[in-house]
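Asks: from the sequence below, what's the structure:
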Amino acid sequence: MSTAEGKHIALVGATGAVGQEMLDCLEEREFPITELTLLASSRSAGKKISFRGNLIKVKELTHESFAGVDVALFSAGGDLSLEYASSAAAAGAIVIDNSSAFRMDPDVPLVVPEINPAAAHDPAKGIIANPNCTTIITLMALYPLHKLYGLRSVIASSYQAVSGSGAQGIIELDDQIKVLGAGGEVTDDMKNVYPHQIASNVIPHVDSFTEDGYTKEELKMLNESRKILNLPDLKVTCTCVRVPVHRSHSVSVTAEFEKAVDVAEARAVFSSYPGINAKDDPENSLYPVPLDTTKKDDCLVGRIRKDMVFNNALALWVVGDQVRKGAALNAVQIAELI
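Replies: Numbers count the residues shown, from 1 in each chain. As a prediction, the model looks like this:
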């Protein structure tokens, strides 16, 4: 139960990569917690996780797990969210869900705290959705420009790290690199996470394909951007690519606006917004790369220039840690709003 000293927090998926990152964010940001309940599957129940110098035993997730909980952070996949989130909300908790289960539900707000914080207040179903990681990182760069110029359309290509596929994505990349480094070949039995070799390669395939040729990940960028920015007619086309990088997603963006754009003004505006910084001095090889943002809170934007095809358009490059700002940190920031 919430008190002046803090809140009772439950974390579903506490043993997963994003769950662990949520715990790191809660600890680093000194989130006021009176009680912490760690929940996971029966397979992980009984494990002990360190938090603020104490070992906390993980409990098995059940529909009765949420009595007295103020905020329930969910990061255990869409199926579990669909099964258990309503139980948490019915028990009085505000659910912050990291899966795609509720993102497009019209009664569930989709929140990036730096962009639409008011949407997090008094959610109708007691559930708040955390957006897709690539959408968050892209919009962190586009929102300040939207406020300046009025966003009309977005053309994007994402370069997504293997940790977006979980720990198995990292393991598969590292195993393939070892084999190639020893002069061997990557065999079919080493391609379990991705349909092709990921080491020394890029794969234009993130999530499953739909009938129109786009992947579900690419359509998330369209639909979620429209909802977060409250721009139902925003035009977005996106190609999502998996790259042999451990962590942090990069996105190449061409953004078209209603008003005339100015590069110097666009570059300067980022200093006024939290969570996004410009790193943009190409002549001195200064521009964002994934290692710059890994394990960091802020996204970085660079290569800002006028587009040579569209009027009133800018081309830019934005990078962010998809496990942190793209998932765990954003969820904790939402919890700080409520």
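Asks: for the rest of this, base every contact and every neighbour count on C-alpha atoms.
Replies: Will do.
Asks: check the offset of the host helix or strand of residue 18 from the chain's centre.
Replies: For residue 18, the element it lies in under DSSP states H and E is helix 17-28. Helix 17-28 has its average C-alpha position 13 Å from the chain's average C-alpha position, going by CA atoms, centre = their mean, to the nearest Å.
Asks: now stretch 8-17
Replies: Centroid displacement of stretch 8-17 relative to its chain, using CA atoms, centre = their mean, is 16 Å.
Asks: from one end of that stretch to the other, what's the distance?
Replies: 22 Å (CA to CA, to the nearest Å).
Asks: circling back to that earlier point, and the helix holding residue 18, what's buried?
Replies: Within helix 17-28, the residues scored as buried using 16 or more other CA atoms under 10 Å are 17-26.
Asks: ditto for stretch 134-150
Replies: 134-146, 148-150.
Asks: what's the answer for stretch 331-338, then?
Replies: For stretch 331-338, by 16+ other CA under 10 Å, it's 331-335.
Asks: which stretches of the stretch 101-250 of the chain form helices?
Replies: Counting by DSSP state H, counting those that start in this stretch, the segments of the stretch 101-250 of the chain that form helices are 133-149, 167-181, 216-229.
Asks: tell me the one of the buried residues of stretch 331-338 nearest residue 5?
Replies: Checking the buried residues of stretch 331-338 against residue 5 with CA to CA, the nearest one is residue 335 at 15.0 Å.
Asks: doesn't that closest one lie inside a helix?
Replies: Yes: judged by DSSP: H, G, I helix; E, B strand; the rest coil, residue 335 forms part of a helix.
Asks: where does the stretch 51-200 of the chain dip in pLDDT?
Replies: The stretch 51-200 of the chain contains no residues with pLDDT under 70.
Asks: how about the strands in this structure?
Replies: Per DSSP state E, the chain carries strands over the ranges 7-12, 33-40, 48-51, 54-57, 59-60, 71-74, 94-97, 127-129, 151-160, 235-242, 249-257, 276-278, 299-306, 313-320.
Asks: quick check: domain ranges of this structure?
Replies: Structural domains assigned to the chain are 7-130+328-337, 135-322, following automatic domain parsing.
Asks: for stretch 89-104, list the C-alpha coordinates in CSV.
Replies: What follows is stretch 89-104 as a C-alpha-only set of coordinates in CSV (Å, rounded to 0.1, in the frame of the first residue of the first chain):
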residue,chain,number,x,y,z
ALA,A,89,-5.5,-4.0,-11.8
ALA,A,90,-8.5,-5.6,-10.0
ALA,A,91,-6.4,-5.8,-6.8
GLY,A,92,-5.9,-2.0,-7.0
ALA,A,93,-2.5,-1.9,-8.7
ILE,A,94,-1.5,0.3,-11.6
VAL,A,95,-0.1,-2.0,-14.2
ILE,A,96,2.8,-0.8,-16.4
ASP,A,97,3.1,-3.4,-19.1
ASN,A,98,6.2,-3.7,-21.3
SER,A,99,4.7,-6.1,-23.9
SER,A,100,2.6,-5.3,-27.0
ALA,A,101,-0.5,-6.8,-25.4
PHE,A,102,-2.3,-3.5,-24.6
ARG,A,103,-0.5,-0.9,-26.7
MET,A,104,-3.3,-0.4,-29.2
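Asks: so how far is it from its chain's centroid?
Replies: Distance of stretch 89-104 from the chain centroid (CA atoms, centre = their mean) equals 16 Å.
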